[in-house]
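Enquirer: This is a predicted model, with the sequence first.
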Amino acid sequence: MKWCHVPVAGHPVLGVADASGSIELLRLVPSEQDTWTLQPCSRLALEKQCLPLSLDWSTGKAGRASDQPLKIISSDSKGQLHLLKISEAGPGLQAVVTWQAHQFEAWVAAFNYWQTEVVYSGGDDGLLKGWDTRMPDAATFSSRRHSMGVCSVQSSPHREHVLATGSFDEHVLLWDMRSPRRPLADVPVRGGVWRLKWHPFQRDLLLAACMHGGFTIISYQKAAEEEQHAVSLAYPLPSSLVYGIDWSWLHFCRLPQTQPSCPGGDPEARTADQDPTLKAADPSPAPSSERLADSDGVGGTTHQNGSQLEAPLQTEDEDGRLPTPGVKVCDCDQDLEAADFDINLLATCSFYNHVLHLWKWENI
């Protein structure tokens with residue numbers, strides 16, 4: 001599942017590659033009593049006896065031109081890629097072209113967000129390939145730098161020629177696609193890299209879902225400069241496989257110190273002096289071995305590089321304040337200059353226990 005980065009016909013739209021062999025679009029619409037509903041609006045079945053394995057929107061880079069076509073690229077279990085076009089008035093899905101890309105499963109397909117005629121694919125044959133969708137009969141390049149199946153690819157929305165790829169071989173490779181013969185950097189991680197997500201605002205941060213290895217945050221700058229400590233955070237979740245991961249597009253602003261940091265009437269709210277870490281509002285359904293704990297066992301952990309991870313989190317109050325002293329959720333469009341980018345929200349979902357976790361990571 002992936003949200004389109006821009007509204008379509010005035011609504012947020014979610015793209016889903018489902019187990020029935022179809023790509024489906026659902027739009028988020030208001031419902032009764034200040035709630036929201038996902039409403040199906042278009043569906044396109046791929047070929048018979050094939051399972052869609054991934055999808056990506058062409059809208060990943062900020063500043064999409066008004067005349068730029070809205071497209072989806074999808075990969076399937078037969079090793080094929082499917083280019084789809086979206087009619088924004090509907091919205092409706094329309095097949096453009098399908099071609100054979102890999103010998104086995106095509107685990108992932110992704111756009112070059114800076115040049116959306118170009119797409120990349122990774123397959124169980126261990127190949128990373130590039131394609132020009134206007135002439136998809138032959139790959140523009142093919143690489144065997146990964147030693148196992150390539151299952152995650154994402155173009156950087158911040159640096160025009162940078163691509164991140166991940167594999168079952170437990171390595172994240174960073175590429176300059178002007179010279180795809182060899183990667184810029186090779187970052188070993190623990191676990192197969194099923195998903196990669198660049199931070200929406202911070203150009204150096206890359207988030208990796210590492211299956212049985214939990215999740216990892218990588219610094220692009222440190223990796224490109226061949227520093228040893230390119231991994232800013234690695235957190236295992238021993239009882240589950242982390243398959244889904246993403247950054248929040250919310251960001252935070254520091255409140256004036258004269259303002260109360262927590263709602264005064266909430267008996268569970270505490271100041272930094274009372275409790276330096278956060279506790280869950282409700283017990284997590286995850287096994288206790290998956291919960292974060294510092295030396296006091298109260299829900300936070302500090303890592304060697306000084307960063308701090310806390311989870312699970314309470315929701316914000318009516319004023320947009322999280323239970324974090326002096327911090328408030330800010331408007332993404334209006335408050336970027338006042339944003340504190342040392343505080344980040346991210347979410348993970350795991351396979352065996354079917355748990356969605358929301359984490360706060362403070363890069364101190």
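Expert: Perfect, thanks for sending it.
Enquirer: from here on, contacts and neighbour counts on C-alpha atoms
Expert: Fine.
Enquirer: Check the burial of A101 by counting its neighbours.
Expert: Neighbour count for A101, taken as other CA atoms under 10 Å: 29.
Enquirer: That one touches L81, doesn't it?
Expert: Yes. Contact status for A101 versus L81: in contact at 6.4 Å, counting by CA atoms under 8 Å.
Enquirer: what about the helices in this protein?
Expert: Using DSSP state H, the helices of the chain run over 220-224.
Enquirer: Against A45, how distant is the most centrally placed residue in it?
Expert: Residue closest to the average C-alpha location in the chain (CA atoms, centre = their mean): D246, at 3.1 Å. Here D246 is placed at a distance of 27 Å from A45 (CA to CA, to the nearest Å).
Enquirer: My guess is the residue nearest to the centre of the chain contacts C349. True?
Expert: No. Using CA under 8 Å as the test, D246 is too far from C349 to be in contact (9.3 Å).
Enquirer: can you pull the pLDDT of S143?
Expert: What the model reports as pLDDT for S143 is 97.
Enquirer: Ok, G299 next?
Expert: At G299, pLDDT is 43.
Enquirer: G306 now?
Expert: For G306, pLDDT reads 53.
Enquirer: okay, the residue lying closest to W57 once chain neighbours are set aside: pLDDT?
Expert: In space, W57 comes closest to I72 once its chain neighbours are excluded; the distance is 4.7 Å by CA to CA, 6 or more residues apart in numbering. Listed pLDDT for I72 reads 97.
Enquirer: check contacts around I72.
Expert: Contact analysis of I72 by CA atoms under 8 Å, 6 or more residues apart in numbering lists L55, D56, W57, S58, L83, L84, K85, I86.
Enquirer: same thing but at 6 Å, please
Expert: Counting by CA atoms under 6 Å, 6 or more residues apart in numbering, I72 touches D56, W57, L83, L84.
Enquirer: Repeat that for T165.
Expert: Here T165 is in contact with S152, V153, V172, L173 (criterion: CA under 6 Å, 6+ apart).
Enquirer: Report the separation between the closest residue to L28 other than its chain neighbours and P91.
Expert: Distance criterion CA to CA, 6+ apart; nearest residue to L28, sequence neighbours excluded, is L38 at 4.7 Å. Using CA to CA, we find L38 at a distance of 14 Å from P91.
Enquirer: quick one: the residue nearest to the centre of the chain and T116, what's the gap?
Expert: 22 Å.
Enquirer: try G90
Expert: 22 Å.
Enquirer: mind listing the strands for the stretch 51-200 of the chain?
Expert: 52-57, 71-76, 80-87, 92-100, 106-111, 118-123, 128-132, 141-143, 150-155, 162-167, 171-176, 185-188, 195-198 (DSSP state E, counting those that start in this stretch).
Enquirer: Turn those into CSV, including distance to H11.
Expert: CSV is the format used below for these (distance: least, CA to CA, whole Å):
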stretch, distance to H11
strand 52-57, 15
strand 71-76, 16
strand 80-87, 14
strand 92-100, 13
strand 106-111, 22
strand 118-123, 26
strand 128-132, 30
strand 141-143, 37
strand 150-155, 25
strand 162-167, 29
strand 171-176, 34
strand 185-188, 38
strand 195-198, 23
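Enquirer: May I ask which helix or strand of the chain has the lowest mean pLDDT?
Expert: Of all helical and strand segments in the chain, the minimum by mean pLDDT, DSSP states H and E falls on strand 300-302, at a mean of 50.
Enquirer: Give me the below-cutoff pLDDT ranges for the stretch 251-364 of the chain.
Expert: Where the stretch 251-364 of the chain drops to pLDDT under 70, the residues are 253-341, 364.
Enquirer: Tally up the residues packed near the nearest residue to V8 once chain neighbours are set aside, please.
Expert: Spatial nearest neighbour of V8, excluding adjacent residues (CA to CA, 6+ apart): E88 at 5.8 Å. For E88, the count of nearby residues is 14 (other CA under 10 Å).
Enquirer: Also K222?
Expert: Neighbour tally, K222, other CA under 10 Å: 16.
Enquirer: how much space between it and S232?
Expert: For K222, the distance to S232 - CA to CA - is 9 Å.
Enquirer: thinking again about what came up before, show me what contacts the residue nearest to the centre of the chain?
Expert: L346, A347.
Enquirer: give me the beta-bridge partners of it?
Expert: Beta-bridge partners for D246, by DSSP bridges, are A347.
Enquirer: What confidence value was assigned to it?
Expert: Reported pLDDT for D246: 95.
Enquirer: which residues does V231 bridge with?
Expert: Assigned bridge partners for V231, using DSSP bridges, are I218.
Enquirer: Correction: the previous question concerned K85.
Expert: K71, Q94.
Enquirer: Could you count how many residues lie near it?
Expert: 18.
Enquirer: right, and it touches K71 too?
Expert: Yes. Judged on CA atoms under 6 Å, K85 makes contact with K71 at a distance of 4.6 Å.
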